[in-house]
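Visitor: This is a predicted model, with the sequence first.
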Amino acid sequence: MRVLIVKISALGDVIHALPTLAWLKSIDPSIEIDWLVEEGFAPLLEGHSLLRKVHRLGLKRWRRQGFLATLKGIRQTIIDLRQENYDMVLDLQGNCKSGIFTLLAGASQRFGFARDGVREWPNLLATNRKVALTPADHHVSDRSLAVARAAFPEGKTALLAGPMNVSPEASATVQRQLTELDLDRQPLVVLQYGTTWTTKLWPLECWQELAGRLCDDYRVRPILLWGNDTEKQACIAIHRATDGRAIIWPRGSLPELVALLQKADLVIGGDTGPIHIAAAVGTSTISLFRVTDAERNGPRGDEHICLQSPLDCSPCLRKDCERDAECGKSISVSEVFRSVCVLLRGDK
């Protein structure tokens with residue numbers, strides 16, 4: 001049996017879909033599983049012990065090259081997929097883009113979401129096994145598992161997150177960096193300031209205060225992650241607020257980010273990819289939810305604490321809001337720090 005998973009993007013969504021791998025392999029370890037994903041996220045999956053092959057999709061790159069390049073790239077991807085002779089496709093994306101590849105991959109069985117679960121209705125034309133979601137499938141990982149369960153109801157392993165492989169080479173690189181910074185003899189706390197939406201951000205002054213308290217009360221030097229120039233400037237401001245004690249981590253490869261998060265004792269951030277990576281590699285997290293729903297997106301388990309804004313309008317899914325400042329400060333530094341004490345010290 002050869003199965004293709006179609007989950008193209010985004011970073012957090014790809015991570016949330018990982019439990020489907022363990023579910024399929026719990027039925028029959030000989031099942032061959034491939035994954036179609038946007039090439040920027042492929043390093044997360046390449047080398048995974050439960051995957052046979054990762055198909056890189058270069059849609060963003062092709063679009064920059066023009067219309068003809070996009071058509072050529074899509075055509076070649078479809079040719080490559082059809083040569084694999086898939087028995088089944090699991091479309092875990094549910095939009096038009098994923099539907100094209102699901103329909104044309106050549107598999108006789110094409111599982112996907114029913115009308116209540118698709119993101120874009122034309123996706124319904126691509127699948128011939130439609131899975132209706134129930135209230136029990138509220139969490140985004142459970143949505144993907146619902147499709148896997150419909151295709152393989154005899155599965156036994158339903159993980160809350162992961163599994164995710166950590167590259168030995170990346171792990172060695174990160175360990176050398178930690179040793180050079182003398183960070184391998186203290187609790188390792190990682191702070192992820194950035195998110196994709198401004199309405200998901202926790203205020204910069206809150207991050208500055210939290211980083212200062214970590215330095216003063218725990219004598220740790222928190223690591224600051226960044227992914228673009230705006231986030232780097234925020235990290236510089238946090239670094240300065242701690243008199244240089246917080247460390248601005250150099251931007252590395254995606255496998256190196258995974259390795260760093262696996263080595264951390266605690267990762268703190270909003271509803272964003274690194275938080276979900278941390279959960280997938282077994283690291284404790286504190287996640288801050290403002291406009292998105294912690295019950296739908298948040299890491300699950302005793303080693304994770306999700307803090308939802310107490311405002312009556314949260315979660316609202318708005319990318320712009322006149323109450324943005326109020327919402328950001330509705331999750332207090334004291335509340336986050338208490339959560340740090342619970343996870344690092346075991347306080348109740």
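Guide: Nice, I can see it.

Visitor: quick one: low-confidence ranges for the stretch 201-348 of the chain?
Guide: 347-348 (pLDDT under 70).

Visitor: switch to 90 and redo it
Guide: 345-348 (pLDDT under 90).

Visitor: which residue ranges form the strands in it?
Guide: 223-225, 247-248, 266-270, 284-289, 304-308 (DSSP state E, counting those that start in this stretch).

Visitor: Out of those strands, which is closest to residue 212?
Guide: Nearest to residue 212, of all the strands of the stretch 201-348 of the chain, is strand 223-225, at 12.7 Å by C-beta to C-beta. Heads up, the C-betas are built off the backbone N, CA and C, glycines and all.

Visitor: That closest one - contacts with which helices or strands?
Guide: With contacts taken as 3 or more C-beta pairs under 8 Å, 6 or more residues apart in numbering; DSSP states H and E, strand 223-225 sits against strand 189-192, helix 229-241, strand 247-248.

Visitor: Can you pull out the residues in contact with the shortest one?
Guide: Going back to what we said before, that points to strand 247-248. Residues outside strand 247-248 that contact it (C-beta atoms under 8 Å, 6 or more residues apart in numbering) are 181, 183, 221-224, 226, 232, 235-236, 239.

Visitor: Give me whichever of the helices and strands packed on strand 223-225 is most buried.
Guide: strand 189-192 (a mean of 25; mean count of other C-beta atoms under 10 Å).

Visitor: partners of that one, with directions?
Guide: Strand 189-192 has the following sheet partners, assigned by DSSP bridges: strand 223-225 (parallel), strand 266-270 (parallel).

Visitor: Would you mind writing the CA trace of the longest one as CSV?
Guide: Yep, that's strand 266-270 we're talking about. This file holds the C-alpha atoms of strand 266-270, laid out as CSV (Å, rounded to 0.1, in the frame of the first residue of the first chain):
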residue,chain,number,x,y,z
LEU,A,266,10.9,25.6,27.7
VAL,A,267,9.7,27.5,24.7
ILE,A,268,7.4,30.6,25.0
GLY,A,269,5.6,32.2,22.1
GLY,A,270,2.4,32.9,20.4
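
Visitor: now that strand against strand 304-308, angle please.
Guide: 20 degrees (axes from the mean of the first three to the mean of the last three C-alpha atoms, to 10 degrees).

Visitor: Okay, angle between strand 266-270 and strand 284-289 too, please.
Guide: 10 degrees.

Visitor: Please state the offset of strand 266-270 from the chain centre?
Guide: 13 Å (C-alpha atoms, centre = their mean, to the nearest Å).

Visitor: What of stretch 303-321?
Guide: Worked out by C-alpha atoms, centre = their mean, stretch 303-321 lies 18 Å from the chain centre.

Visitor: send the alpha carbons of that stretch over as PDB?
Guide: Taking Å, rounded to 0.1, in the frame of the first residue of the first chain, the C-alpha atoms of stretch 303-321 are listed here in PDB:
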ATOM      1  CA  GLU A 303       3.900  19.700  29.800                       C
ATOM      2  CA  HIS A 304       2.100  22.600  27.900                       C
ATOM      3  CA  ILE A 305       0.300  25.600  29.200                       C
ATOM      4  CA  CYS A 306      -1.900  27.600  26.800                       C
ATOM      5  CA  LEU A 307      -3.000  31.100  27.900                       C
ATOM      6  CA  GLN A 308      -6.000  32.600  26.100                       C
ATOM      7  CA  SER A 309      -6.900  36.200  26.200                       C
ATOM      8  CA  PRO A 310      -9.800  36.700  28.700                       C
ATOM      9  CA  LEU A 311     -11.500  39.300  26.500                       C
ATOM     10  CA  ASP A 312     -15.100  38.300  25.600                       C
ATOM     11  CA  CYS A 313     -14.300  38.700  21.900                       C
ATOM     12  CA  SER A 314     -11.400  36.300  21.900                       C
ATOM     13  CA  PRO A 315     -10.800  34.300  19.800                       C
ATOM     14  CA  CYS A 316     -12.000  36.500  17.000                       C
ATOM     15  CA  LEU A 317      -9.700  35.600  14.100                       C
ATOM     16  CA  ARG A 318      -9.300  39.300  13.200                       C
ATOM     17  CA  LYS A 319      -6.100  40.500  11.600                       C
ATOM     18  CA  ASP A 320      -6.900  44.100  12.400                       C
ATOM     19  CA  CYS A 321      -8.700  45.400  15.500                       C
END
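
Visitor: what sits up against it?
Guide: With C-beta under 8 Å, 6+ apart, stretch 303-321 has contacts from 197-199, 279, 282, 284-294, 298-299, 323, 326-327, 330-331, 335-336, 339, 342-343.
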